[in-house]
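Novice: Need coordinates for the below:
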Amino acid sequence: MSEQSTLSPHPAGSTPERRLQAVLLDMDGTLIESEGLWNEAEADLVAELGGRWTDEDHERNVGSAAVPVGRYIIELTGAHHLTPREVATMLYTRFRSKLVGGAEVRPGAAELVRVLAGSEVPVVLVTSTERELIDTALARIGLELFDDSVAGDEVGANKPHPDPYLTAARRLGVDPSRCVAVEDSAVGVASAADAGCVTVAVPHHVQIPPREGVIVRESLVGVDLDWLESLVALD
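Specialist: Alright, predicted model coming up:
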């Protein structure tokens, strides 16, 4: 699959003065309150297919891309006449209908994005969600504030594989170990940490198992550039 860059016309470049070369932000559950909407969309579709969607089912799939969730739903409901891609498309249709006006913003998320957008440190959206939904989902923050974005259908392997974060770093020309990634799910944390990024976990809907080197915060409130840079080790 060819890479689709969404770099802004005047991208912020990394500077020698800063150890921090980029900040890479997950979307669903990290920046916006969309996990509840995904849960509703999943439950609606599973009911239509004759099954029952539980909180446990949702927790097992938090952070996953739509196609793996589609595969899970097929196994749950026995809807083997459908492909995972077809189920994913059905999920997106239901999710989009719940996104009128954009999803609610997580505490501190909009403020953090604005701070980063006004700095010389690039900020990139790295999401499992496919390109077609990002603008709508992020309407209350604004995709235009990001220097680049990597969508789930623009990588060879989606989260929990490290490819999304490696792709973001490669497109910026920066070292993943000098990037801070922010995630809310175990799937996302695995992706970012395995890519070599300094990883901040902000658990929301599900618990994240402890992992060496992963910094855990209750929210994004109060996160600023100096704190993010303090997480990056000196050479």
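
Novice: Spell out the residue ranges of the helices in this protein.
Specialist: 35-48, 55-61, 66-77, 84-97, 109-117, 131-137, 163-172, 186-194, 225-230 (DSSP state H).

Novice: relative to helix 84-97, how tilted is the first one?
Specialist: With axes from the mean of the first three to the mean of the last three CA atoms, to 10 degrees as the criterion, the two stretches helix 35-48 and helix 84-97 enclose an angle of 120 degrees.

Novice: Switch the helices of the chain over to JSON lines; also include mean neighbour count.
Specialist: C-beta coordinates here come from the backbone N, C-alpha and C atoms, glycine included. Listed next are the helices of the chain as JSON lines, based on neighbours: other CB atoms under 10 Å:
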{"stretch": "helix 35-48", "mean neighbour count": "19"}
{"stretch": "helix 55-61", "mean neighbour count": "15"}
{"stretch": "helix 66-77", "mean neighbour count": "20"}
{"stretch": "helix 84-97", "mean neighbour count": "17"}
{"stretch": "helix 109-117", "mean neighbour count": "19"}
{"stretch": "helix 131-137", "mean neighbour count": "16"}
{"stretch": "helix 163-172", "mean neighbour count": "23"}
{"stretch": "helix 186-194", "mean neighbour count": "24"}
{"stretch": "helix 225-230", "mean neighbour count": "15"}
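
Novice: So for Pro210, which of these sits nearest?
Specialist: Closest of the helices of the chain to Pro210 is helix 186-194, at 10.3 Å (criterion: CB to CB).

Novice: The closest one packs against which elements?
Specialist: helix 163-172, strand 179-183, strand 198-201 (3 or more CB pairs under 8 Å, 6 or more residues apart in numbering; DSSP states H and E).

Novice: Which of those sits closest to Leu225?
Specialist: strand 179-183 (10.0 Å).

Novice: okay, the helices and strands packed on helix 186-194 in TSV with mean pLDDT next?
Specialist: Formatted as TSV, the helices and strands packed on helix 186-194 follow (pLDDT from 0 to 100):
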stretch	mean pLDDT
helix 163-172	98
strand 179-183	98
strand 198-201	98
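
Novice: Would you format those as CSV with distance to Arg211 included?
Specialist: CSV is the format used below for the helices and strands packed on helix 186-194 (distance: least, CB to CB, whole Å):
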stretch, distance to Arg211
helix 163-172, 15
strand 179-183, 11
strand 198-201, 8
